[in-house]
Structure formats: structure tokens, C-alpha cells
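Q: A structural model of the following input is requested.
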Amino acid sequence: MGEEMEEVSKGIKSLRASAPEFTLQSGTGESAETLRSSFFTGLEGTAIQLEKASPEKAGSSRNPTFSVKPKNNPLEGSPSRDSGKKQSLNTSPSRQPRRSPVTQDNSKSCLTKDIFETSHSAESIKRKIENIFCSSQVSSNLPTAINQYHSLYQIEEKPSGVPGCLNYRSLSSSDGKVYLLRRVLGNSQFDSQFVIKCVERWKRVRHPSIVPLCEAFTTFAFTQGAANELVFVYPFYDNAHVFREVYLSNDMNMQLSPLPEKIIWTLFVQLTSSLDALHSAEMIAGESLSPNGILVVGTHRIRLNKCGVAETLSTDAVGSRSYSQHGLYFLNDFQRKKQEDVWRLMHLLFLLTLRSQASIVKNGVLQVGVSEALNVLQQTAIYSDDILNILAFLVDHYNRSLPVSVTQILSLVTPQIVYDYSHVWLHADRLEAELNRRLNASRLFRIISLFGFVLDWEDGSTNPQWSETEEKYILRLFFEYMFHPYSNERNRSFDLTHVVECLNRVDVGSDELMLLASKDSKSLLVVSYADIRFSLVKALSERGIRL
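A: Next comes the predicted model:
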């Protein structure tokens with residue numbers, strides 16, 4: 001056995017320098033501890049006691065705690081390489097007993113909840129997939145496919161809006177994404193060239209508070225050739241709701257409570273920002289800036305909906321088939337419609353601040369004039385002077401028919417914009433942390449899959465009775481050490497943190513030493529994680545797997 005151990009040591013030292021790069025490495029200089037903490041947050045101390053070794057078996061337990069002195073290191077290499085190695089196996093955090101072991105039931109629900117579904121993002125994505133692929137089609141009269149859109153599902157039973165529209169959820173065969181098809185019922189009177197120009201203008205609009213228009217086309221598919229109907233295509237937002245249903249509706253006939261001021265500012269800043277983007281592009285929001293035209297796609301996350309439909313089908317000066325963007329009449333009418341958008345914005349702010357006043361706001365409609373609404377709001381003294389000052393400014397200009405631009409409103413809400421801006425970056429940091437955790441999960445899954453390819457590979461190219469001097473034996477011992485460790489009390493444990501630490505150290509090629517033991521403890525190998533990495537790469541290359 002001593003000669004075999006010496007042969008293993010010499011083989012590893014001579015071949016280690018020729019190992020190819022391990023492409024599964026993250027490419028960063030992070031330590032294994034940093035990578036571990038970014039992969040499974042909250043797994044500190046997660047150890048499940050499975051069985052306890054009997055006194056007769058205590059002497060033969062695998063992976064006990066040892067101390068290896070540098071001069072007795074069987075894998076001693078060059079001074080420059082060995083200088084970075086840890087000389088004491090006792091200091092390895094992967095072999096220290098957990099201070100507070102947590103005993104859990106080995107049930108699927110616990111494991112799934114603790115490991116794979118710890119974040120709200122994962123739950124949200126899972127629900128979206130279930131809603132898309134688990135809903136049954138209630139109508140067989142829908143076309144199988146329209147262009148690249150298939151698997152149509154009618155969302156609503158009755159048409160809504162003027163002109164009447166029906167919405168369908170569909171899958172795209174070109175990119176696999178989910179889209180909303182908004183079908184304008186009947187033969188609409190429109191000019192094809194004008195529709196193309198309008199759609200191209202709206203396709204260039206990209207704003208976080210506006211539902212983007214992807215394309216528009218005409219089809220006979222819904223009516224089996226009876227009518228050539230216009231269809232608008234938008235991204236589909238699962239579990240989205242209309243603005244009025246979320247903030248202004250009262251289905252239980254109970255008085256609504258006042259909306260917190262921070263929420264009002266968040267909504268108002270999003271609306272003002274989207275309106276500024278449209279007006280800067282010489283476009284108008286129109287009915288999209290209304291309680292029924294705004295879509296709530298997340299927690300206080302809103303988008304202007306149905307963009308482009310009204311303009312495409314309009315017959316007034318702005319939407320006429322023969323208008324010119326440089327014509328004087330168009331410019332005058334455009335200024336009028338921009339001012340109407342500002343008054344719609346004022347109206348929405350009144351609805352949000354007075355929603356608890358049942359006599360003032362009913363079903364998302366303001367029942368009194370703006371001057372009286374401002375007086376009621378001032379008497380209630382619920383909100384700060386910042387909101388009251390903006391509304392007083394807008395009401396004063398409205399009563400005197402003075403123009404107000406979105407730029408003027410933005411200058412009044414600058415402190416609230418700065419507040420929301422900082423919170424957007426905080427949210428981005430949380431999303432980035434979640435992304436890093438998921439990427440690390442994918443990276444470690446690929447590494448453990450490579451172990452499976454090597455350890456379970458049985459064909460004519462390898463001898464089933466492989467020798468203890470081959471890389472496969474070292475990997476087998478490491479696999480047992482990683483998944484079936486014993487604590488210092490010689491209790492076998494189920495420790496996910498230990499597995500993650502081992503995989504991270506293998507990925508970065510750590511020089512830390514560990515002691516591998518066979519099941520009968522007759523074979524002992526002192527190796528580093530870099531040696532395990534080399535053995536894995538070499539075993540894969542022998543089987544024709546190039547990394």
C-alpha cells in the first residue's frame with residue numbers, strides 16, 4: 001500500500017502542470033467562502049443527523065479529524081506551490097462541526113422550500129409558467145396559429161373599449177415568448193400606409209412605464225374570411241391588473257382607506273416620467289393615461305397600456321390619414337392634446353388622494369370639480385404640503401386656462417424623483433445578488449454533473465476492477481468525503497453547506513489539503529482540491545470529453 005501511495009503522489013505531481021483550464025470556473029478572484037455565501041444564503045448550520053455510529057464502528061469511521069505536518073506531506077511539491085497550502089486540516093471550515101445543527105424532516109417540501117424556492121423571484125417565475133402552460137383553452141373557435149403566434153387563449157369574454165377589442169394570450173414560435181394580441185373587432189376604416197407610420201413611431205418608444213408596441217397586422221383568421229381585422233401585438237404581463245381595479249375599485253362596498261403618500265409619489269413619478277417621454281417624442285398618451293388605460297404589472301409598478309390603438313384609428317387632426325407633422329394645424333392640435341394629457345394627470349392625482357372620500361370618488365370617477373376637490377383635500381389634512389402645492393398649481397392653471405408642461409411638473413417633484421431613483425438602484429442590487437446566486441447554482445450543478453459522468457462511466461475502455469492508483473479512485477473517495485462526511489462526534493450528517501464548499505474549492509483549484517479515507521479506513525490519501533480538479537479533468541479527457 002505504501003508503494004501505491006507513493007505512485008499516486010508522484011503521478012499527481014508530474015501531471016498537475018499539464019492540466020487544461022477548467023472552463024467551469026467563475027473567472028473571478030473570489031474566495032471559496034465568498035462563492036459559497038453567494039450561492040446558498042441561510043444554509044449556515046444546516047446539518048441533518050442521519051445515523052449515529054455504534055461503538056464497534058467508531059474506530060473505522062471515515063474522514064476523522066487529523067493534523068498533517070508540512071514535513072510529512074505526501075504530496076509535497078515545489079516551495080512556491082506549497083507556500084500557499086494550509087498546513088492544518090483542523091482549520092478547514094468544511095470539516096468543522098456545525099455549532100447549531102438544525103434537525104429537519106427529510107421531506108420534499110422542506111428541501112424544496114429551503115434550497116430552491118427561497119426567493120420571491122423564483123416563486124413569481126414559477127407562477128407565471130404555471131399560468132401560461134396550465135390554463136385550459138375554453139374555446140375551440142380560435143385559429144390554431146396566426147403568423148408566428150400560436151396557442152391562442154382568450155383572456156376576456158366580452159369586448160372592451162371603443163372600438164371594441166378582444167385580448168388573446170399567445171406564444172411566439174420565433175422567440176418562444178408570450179405576447180398579447182389585441183384584436184380590433186370588425187372591418188375598421190383605416191389607411192394601411194398611415195397605420196404603418198403610426199406603428200413604426202410607437203415601436204421606437206421604449207420606456208419602463210409604457211407597454212411597448214411590438215407590431216401590428218391585419219388578418220382574416222378570426223372571422224374565417226368575413227372581415228379583415230387589425231391586430232396589435234404587445235408583450236404579455238402575467239397577473240397584471242387595471243389601475244382602477246387595484247387602487248380605485250371597491251367591490252366589497254367598504255370605504256377605501258387613504259393611500260400612503262409614498263405610494264402616491266411612486267405612482268405619480270412613473271406617470272409623469274412616461275408622459276414626458278411621449279411628449280418629447282411628439283406623441284400623446286390620450287386614453288392610455290386613464291384609470292382603465294393604465295396597467296399594474298407589479299407592486300406599485302405601472303405602465304401605460306393600449307398605446308397606438310387610438311392614434312391609428314383616429315380621424316381627427318392628429319390621427320387623420322393626411323396630416324403632416326410639420327403642418328400648422330397639426331402643431332396647434334398637438335399642443336391642445338398635450339395639455340389634455342396634463343389635465344388627465346391632474347385628474348389621476350386627485351383620484352389617488354381622494355379615494356377614501358366615497359362622495360367625491362365613485363368607481364374611479366371624480367364626482368366634483370377640481371376646485372372643490374382641492375378644498376376637500378385641504379380640509380382632510382391627510383397629505384403633506386408637497387402634494388397640495390402641486391395640485392393647487394395645476395388647479396390654478398386649469399381654471400385660468402393657462403398651459404402647463406410636463407417639464408414644469410417634473411421640476412416640482414424633483415425630491416420625490418431622487419428618492420425613487422435611489423430605491424430603484426437598491427432594487428437593482430437585490431436583483432443582481434439574486435442573479436449571482438442563481439448563476440453560482442448553475443455553475444456548481446455543472447461541476448457535480450461532471451463527477452457523475454466520470455464515476456458512472458462503464459464501457460469497454462475502462463476496467464471495471466480499476467486500480468486504486470487511477471484518478472477515478474481518488475474522485476470516488478472525494479465523492480464519498482463530499483456527500484457522506486462524519487462530524488467530530490462521528491455522526492454521519494446531511495450537510496449541504498459542506499457540499500457547496502467542496503465544489504467551490506474544486507472549481508477554483510484551492511491548495512487546501514484534506515484527508516480522504518476509504519470505507520474501511522485502510523486507504524488514506526492526503527490531497528488538495530487542486531489535485532481533485534486535475535484528476536477530474538484528466539478522467540474526462542480520457543473519455544473524450546473536452547472542457
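Q: Show the average pLDDT along the helix or strand where residue 126 lies.
A: Under the criterion of DSSP states H and E, residue 126 resides in helix 120-133. Mean pLDDT, computed over helix 120-133, is 69.
Q: likewise stretch 539-547?
A: Stretch 539-547 shows a mean pLDDT of 78.
Q: do the same with stretch 432-448
A: Averaging the model's pLDDT scores along stretch 432-448 yields 88.
Q: buried ones in that stretch?
A: Buried residues in stretch 432-448, counted by 16 or more other Cβ atoms under 10 Å: 434, 437, 440-441, 443-444, 447. Any C-beta I mention is one placed from the backbone N, CA and C, and that applies to glycine too.
Q: ditto for stretch 386-395
A: Those buried within stretch 386-395 under the rule 16+ other Cβ under 10 Å are 387-388, 390-391, 394-395.
Q: And the helix or strand where residue 263 lies, what's buried?
A: Assessed by DSSP H and E, residue 263 sits inside helix 261-280. Within helix 261-280, the residues that qualify as buried are 261, 264-279, counting by 16+ other Cβ under 10 Å.
Q: any residues touching that helix, and which ones?
A: With contacts defined as Cβ atoms under 8 Å, 6 or more residues apart in numbering, helix 261-280 is touched by 205, 207-210, 247, 284-285, 289, 294, 300-304, 338, 341-342, 345, 348-349, 352-353, 383-384, 387, 405-407, 409-410, 413, 416-417, 419-420.
Q: what packs against the helix or strand following that helix?
A: Downstream of helix 261-280, the first helix or strand assigned by DSSP H and E is strand 294-298. In terms of contacts (3 or more Cβ pairs under 8 Å, 6 or more residues apart in numbering; DSSP states H and E), strand 294-298 is packed against strand 241-242, helix 243, strand 301-304.
Q: Let's see that with 7 Å instead.
A: Packing partners of strand 294-298 (3 or more Cβ pairs under 7 Å, 6 or more residues apart in numbering; DSSP states H and E): strand 301-304.
Q: Quick check: mean pLDDT of the helix or strand following the strand it packs on?
A: On the C-terminal side of strand 301-304, the closest following helix or strand by DSSP H and E is helix 309-313. Mean pLDDT, helix 309-313: 84.
Q: Helix 309-313: which residues count as buried?
A: Judged by neighbour count (16+ other Cβ under 10 Å), helix 309-313 contains these buried residues: 309-313.
Q: got a list of contacts for it?
A: Applying Cβ atoms under 7 Å, 6 or more residues apart in numbering, the set of residues contacting helix 309-313 from outside is 163, 182, 188, 190, 195, 198, 232, 286-287, 318-319.
Q: could you pull out the helices for the stretch 401-547 of the chain?
A: Per DSSP state H, counting those that start in this stretch, the stretch 401-547 of the chain carries helices over the ranges 406-412, 414-455, 471-483, 496-508, 529-542.
Q: circling back: quick one: which of the buried residues of stretch 386-395 is nearest to residue 152?
A: Nearest to residue 152 among the buried residues of stretch 386-395, counting by Cβ to Cβ, is residue 394 at 43.1 Å.
Q: That closest one contacts residue 404, doesn't it?
A: Yes: with contacts counted by Cβ atoms under 7 Å, residue 394 reaches residue 404, the gap being 6.4 Å.
Q: Any quick PyMOL command for the buried ones out of the contacts of helix 261-280?
A: This is how PyMOL selects the buried members of the contacts of helix 261-280, with burial counted by 16+ other Cβ under 10 Å:
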select buried, resi 205+207+209+210+247+284+285+289+294+302+303+304+338+341+342+345+348+349+352+353+383+387+406+409+413+416+420
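Q: Take the buried residues of helix 309-313 and write them to a markdown table, including distance to residue 430.
A: Formatted as a markdown table, these follow (distance: Cβ to Cβ, whole Å):
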| residue | distance to residue 430 |
| --- | --- |
| 309 | 35 |
| 310 | 37 |
| 311 | 37 |
| 312 | 39 |
| 313 | 42 |
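Q: Quick one: mean pLDDT for the helix holding residue 263?
A: 95.
Q: What angle do helix 414-455 and it make with each other?
A: 90 degrees (axes from the mean of the first three to the mean of the last three Cα atoms, to 10 degrees).
Q: export helix 261-280 as PDB, just CAs?
A: Presented in PDB, the C-alpha positions along helix 261-280 are these (Å, rounded to 0.1, in the frame of the first residue of the first chain):
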ATOM      1  CA  GLU A 261     -48.200  59.200   0.400                       C
ATOM      2  CA  LYS A 262     -45.000  57.300  -0.600                       C
ATOM      3  CA  ILE A 263     -47.100  55.100  -2.800                       C
ATOM      4  CA  ILE A 264     -48.800  58.100  -4.400                       C
ATOM      5  CA  TRP A 265     -45.500  59.700  -5.200                       C
ATOM      6  CA  THR A 266     -44.200  56.500  -6.700                       C
ATOM      7  CA  LEU A 267     -47.200  56.200  -9.000                       C
ATOM      8  CA  PHE A 268     -47.200  59.900  -9.900                       C
ATOM      9  CA  VAL A 269     -43.500  59.900 -10.700                       C
ATOM     10  CA  GLN A 270     -43.900  56.900 -13.100                       C
ATOM     11  CA  LEU A 271     -46.900  58.600 -14.800                       C
ATOM     12  CA  THR A 272     -45.100  61.900 -15.200                       C
ATOM     13  CA  SER A 273     -41.900  60.300 -16.500                       C
ATOM     14  CA  SER A 274     -43.800  58.300 -19.100                       C
ATOM     15  CA  LEU A 275     -45.800  61.400 -20.200                       C
ATOM     16  CA  ASP A 276     -42.600  63.400 -20.500                       C
ATOM     17  CA  ALA A 277     -41.100  60.600 -22.800                       C
ATOM     18  CA  LEU A 278     -44.100  60.700 -25.100                       C
ATOM     19  CA  HIS A 279     -44.400  64.500 -25.300                       C
ATOM     20  CA  SER A 280     -40.600  64.700 -26.000                       C
END
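Q: For the stretch 101-250 of the chain, just list every one of the helices.
A: 108-111, 120-133, 192-203, 243.
Q: Low-confidence regions, the stretch 51-200 of the chain specifically.
A: 51-122, 131-140 (pLDDT under 70).
Q: got the domain boundaries for the protein?
A: Listed by automatic domain parsing, the domain ranges of the chain are 2-17+34-117+429-542, 140-236, 240-412.
Q: now those domains in JSON lines, with distance to residue 126?
A: Output for those, formatted as JSON lines (distance: least, Cβ to Cβ, whole Å):
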{"stretch": "domain 2-17+34-117+429-542", "distance to residue 126": "7"}
{"stretch": "domain 140-236", "distance to residue 126": "15"}
{"stretch": "domain 240-412", "distance to residue 126": "16"}
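Q: Quick one: closest of those domains to residue 124.
A: For those, proximity to residue 124 was assessed by Cβ to Cβ; domain 240-412 is nearest, at 8.9 Å.
Q: end-to-end on that closest one?
A: Terminal residues of domain 240-412 are spaced 30 Å apart (Cα to Cα, to the nearest Å).
Q: okay, residue 370: pLDDT?
A: Residue 370 is assigned a predicted lDDT (pLDDT) of 93.
Q: what's near enough to touch it?
A: Counted by Cβ under 7 Å, 6+ apart, residue 370 has contacts 346, 350, 395, 398.
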